[in-house]
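In: prediction below, plus the sequence it came from.
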Amino acid sequence: MEAASGGGRDTDLETVHLLRQVTVELVLAQAEFARRHGMHGTDVRALICLLDAERAGTPATPGLLGAELGLNSAGTTAVIDRLERLGHVERVRDRADRRRVRLRVSAAAVALGESFFGPLIGGTVELLRGMDDTEAAAVRRFLSGVGELARRPAP
């Protein structure tokens with residue numbers, strides 16, 4: 001990796017450290033949200049997975065959720081049961097196959113998330129709107145690339 005320098009500073013590593021700082025802050029925000037609402041960090045990750053599946057038009061099943069979270073069947077059931085007790089997730093029978101259960105994030109859970117994360121999301125959107133199309137595309141390309149790297153198995 002060839003580092004760009006500005007006044008002797010390695011700006012490539014500076015970017016990596018900024019990304020790490022943002023990651024830590026986001027994890028802390030997620031932990032605070034979980035704490036305030038009587039959830040585990042895994043519960044919040046589960047809600048995010050379910051919302052992402054809905055956005056992608058993918059049927060959200062316990063099997064999908066377990067695979068996304070890296071949990072076995074018992075662990076997945078425990079997460080779903082906790083979220084259902086809290087009123088954040090609903091089990092819905094599949095119309096085509098009544099034996100299959102779909103998972104849906106409740107409207108109340110969505111509103112709760114929006115009330116906590118809304119300012120962060122809104123501020124992020126405003127930052128992006130302050131960029132031209134080329135800059136915003138570069139940010140998306142960078143974050144997508146880092147996401148791909150993070151999903152690779154550790155050596």
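Out: Yep, that arrived.
In: nearest the geometric middle of this protein, what residue?
Out: Ile48 (4.7 Å; C-alpha atoms, centre = their mean).
In: does that residue belong to a helix or a strand, and which?
Out: Assigned by DSSP states H and E, Ile48 falls within helix 41-56.
In: which non-adjacent residue is nearest Ala29?
Out: In this structure, Ala29 finds its nearest non-sequential neighbour in Leu120, 6.9 Å apart by C-beta to C-beta, 6 or more residues apart in numbering. C-beta here means a position set from N, CA and C on the backbone, and glycine is covered the same way.
In: could you list the low-confidence segments of the protein?
Out: Where the chain drops to pLDDT under 70, the residues are 1-9.
In: and the strands in it, which stretches?
Out: In the chain, the strands defined using DSSP state E lie at 5-6, 9-10, 89-93, 101-105.
In: can I get these in TSV with distance to Val146 and mean neighbour count?
Out: Formatted as TSV, these follow (distance: least, C-beta to C-beta, whole Å; neighbours: other C-beta atoms under 10 Å):
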stretch	distance to Val146	mean neighbour count
strand 5-6	22	9
strand 9-10	17	12
strand 89-93	29	15
strand 101-105	26	18
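In: closest one to Ala138 among those strands?
Out: strand 5-6 (18.1 Å; C-beta to C-beta).
In: sorry, back to before: how far does the helix holding Ile48 sit from its chain's centre?
Out: Distance, stretch centre to chain centre, for helix 41-56: 6 Å (C-alpha atoms, centre = their mean, to the nearest Å).
In: taking their axis directions, it and strand 89-93 sit at what angle?
Out: Here the directions of helix 41-56 and strand 89-93 differ by 50 degrees (axes from the mean of the first three to the mean of the last three C-alpha atoms, to 10 degrees).
In: so which bits of helix 41-56 are buried?
Out: Neighbour-count burial for helix 41-56, counted by 16 or more other C-beta atoms under 10 Å, picks out Thr42, Asp43, Val44, Arg45, Ala46, Leu47, Cys49, Leu50, Ala53.
In: so it versus strand 101-105, what angle?
Out: Put simply, helix 41-56 runs at 100 degrees to strand 101-105, going by the same axes, to 10 degrees.
In: now what about helix 41-56, what contacts it?
Out: 30-31, 33-34, 59-60, 64-65, 68-69, 71, 79-80, 82-83, 86, 88-89, 103-105, 109-110, 113 (C-beta atoms under 8 Å, 6 or more residues apart in numbering).
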